[in-house]
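> For reference, the sequence and a predicted model appear below.
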Amino acid sequence: MKITIYDVAKAMNLSPGTISKILNNNGSIGEETRDRVLRYVKEVGYVAESSARILKSKFSYTIGVIFSDISLVGLEHPFFGSIIQHFKTYVEREGYEIVFITSKIGTHEMSYLDWCRNKKVNGVFIVSGNINNAYILELVASDLPCVSSDIIIPGMHSVISDDAQGMRLAFEHLRSLGIDRIGTLVGPQTSRAFAERFDNYKALLAEHGLPLRPEWICESHGFGYTSAVAASEEWFATIGDMPRAILAQSDDIAYGLIHALQRRGYRVPEDVAVVGYDDISFSRLFTPPLTTIRQDRRAIGERSAAMLIDYIVRGNGKGTSVDRVPVELVVRASTPASHV
């Protein structure tokens, strides 16, 4: 009985993709693993026949990654950068490699789908992007399996944080401290996550019988610290009655908010409590250390990877689903330690 690439993979406890890369001298495989596989195939007399070549023609063991970073931070983005790393680690362990897909290289522009066809990717991980982007919509409508860790579009599978749970945890933490005058600093509403968190904030006010006060709502027109400082200072210059607590819908904008509060002479949390969202690494080191909602970046990256590989292998990647990953409240010094 002839030995197949699957037999070799099973014997070596590796994926068929890894075996294919070693036999074709592709990819970055450790020397020890490469030598072990090559010794084995020589011992058993494995020869890559037509079935293996057909497998290779069907599967490039390559996954495209689209990171349309609307925050303009790039791969240093503390949230999405971590998700990409966990995704990359998982798929490489399964014998796949990733290639970043862009719409423009130099002066040459192609759609995401055309680039994916050109790179012969087997599936696509859309880390973040604009749901109205024509290139993303074209890609999702194609036959390529797509999974996203940020946006929700019909015909695509998404793995995202449970923002309804996160906003409830933050809100009810403040209510448990006796705080009912709760404002919010939201990020740009072009972001699915920011829009969803803002909707949940309004729903929680109604659920708790608290009034929606427009003067306690501020939108930062950027995603980071600098824009949050500017938006907060404009807000404080016009606001009359200051809220007792402010839900900032990301850690980055929470930092800007706290800086603006301190410049105005407010103490955090004695005068105004602040809650962030993300629990990026700097949040525990900030002054004061930030109470925030921790998103499970590892779970999002690994679930996205496992889901996409399953769709690639089974060929059943088209459909719509949303997998919401649980979050948790991390209490630090930016909110009071007890009932106020």
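Ah, there it is.
> Show me what secondary structure element comes after the least confident helix or strand in the chain by mean pLDDT.
Using mean pLDDT, DSSP states H and E, helix 50-58 stands out as the lowest-scoring helix or strand of the chain, at a mean of 46. The helix or strand immediately downstream of helix 50-58 is strand 62-67, counting by DSSP states H and E.
> Next secondary structure element downstream of that next one?
Following strand 62-67 in sequence, per DSSP H and E, is helix 80-93.
> okay, the angle between that next one and strand 62-67?
Interaxial angle, helix 80-93 versus strand 62-67 (axes from the mean of the first three to the mean of the last three CA atoms, to 10 degrees): 180 degrees.
> list the buried ones in helix 80-93?
Across helix 80-93, burial judged by 16 or more other CB atoms under 10 Å covers 80-84, 86-88, 90-92. All C-beta atoms are positioned from the backbone trio N, CA, C, and that covers glycine.
> now stretch 93-101
Result for stretch 93-101 [16+ other CB under 10 Å]: buried residues 94-98, 101.
> cool, and stretch 125-135?
Buried, per 16+ other CB under 10 Å, within stretch 125-135: 125-131, 133, 135.
> Likewise for stretch 149-160?
Quick answer for stretch 149-160 (16+ other CB under 10 Å): 149-151, 153, 156-160.
> likewise stretch 181-195?
Buried residues in stretch 181-195, counting neighbours by 16+ other CB under 10 Å, are found at 181-187, 191-195.
> and of the residues you listed, the nearest to R294?
A193 (14.6 Å; CB to CB).
> what bits of this protein have low per-residue confidence?
1-2, 25-27, 46-58, 69-78, 105-107, 339-340 (pLDDT under 70).
> returning to what we had before: just the ones of the buried residues of stretch 93-101 in strands?
97-98 (DSSP state E).
> possible to save the buried residues of stretch 93-101 as CSV with distance to R303?
Below are the buried residues of stretch 93-101 laid out as CSV (distance: CB to CB, whole Å):
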residue, distance to R303
E94, 14
G95, 19
Y96, 16
E97, 20
I98, 16
I101, 21
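> for the buried residues of stretch 93-101, which one is nearest S304?
The closest of the buried residues of stretch 93-101, once distances to S304 are taken by CB to CB, is I98, at 11.9 Å.
> quick one on the thing from earlier: list just the nearest of the buried residues of stretch 149-160 to Y311.
Of all the buried residues of stretch 149-160, H157 has the smallest distance to Y311: 7.4 Å, by CB to CB.
> Now for that closest one: which residues touch it?
H157 is in contact with 146-148, 307, 311, 317, 319-323, counting by CB atoms under 8 Å, 6 or more residues apart in numbering.
> Check the residues you listed for burial and list the buried ones.
146-148, 307, 311, 317.
> export these to a markdown table and tack on distance to R264 and secondary structure?
Formatted as a markdown table, the buried ones among the contacts of H157 follow (distance: CB to CB, whole Å; DSSP: H, G, I helix; E, B strand; the rest coil):
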| residue | distance to R264 | secondary structure |
| --- | --- | --- |
| C146 | 45 | strand |
| V147 | 44 | strand |
| S148 | 39 | strand |
| M307 | 46 | helix |
| Y311 | 51 | helix |
| G317 | 51 | coil |
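> and which of the residues you listed is nearest Y40?
Checking the buried ones among the contacts of H157 one by one against Y40 (CB to CB), the nearest turns out to be Y311, at 30.3 Å.
> what residues are up against that closest one?
123, 145, 147, 157, 317.
> List the contacts of the residue nearest to the last one when sequence neighbours are not counted.
What it means is G317. Distance criterion CB to CB, 6 or more residues apart in numbering; nearest residue to G317, sequence neighbours excluded, is P145 at 2.6 Å. Contact partners of P145, counting by CB under 8 Å, 6+ apart, are 122-124, 308, 311-312, 317-318.
> Domain ranges for this protein, per the record?
Domain ranges of the chain: 5-58, 62-161+297-325, 163-295, per automatic domain parsing.
> now the contacts of H157 in CSV, with distance to L261?
Conversion of these to CSV gives the following (distance: CB to CB, whole Å):
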residue, distance to L261
C146, 41
V147, 39
S148, 35
M307, 41
Y311, 46
G317, 47
G319, 46
T320, 42
S321, 41
V322, 35
D323, 36
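> Surely V331 touches H173?
Yes: the pair V331 / H173 is scored as a contact, 6.9 Å apart, by CB atoms under 8 Å.
> what about those two, which has more around it?
Set V331 next to H173 and count neighbours by other CB atoms under 10 Å: H173 wins out with 19 against 13.
> That one is in contact with T291, isn't it?
Yes: taking contacts as CB under 8 Å, H173 lies within contact range of T291: 7.3 Å.
> where do the contact lists of those two overlap?
Here H173 and T291 share the contacting residues 275, 329, 331, 335, scored by CB under 8 Å, 6+ apart.
> What residues sit buried inside stretch 206-218?
Quick answer for stretch 206-218 (16+ other CB under 10 Å): 216-218.
> now do stretch 289-296
290-296.
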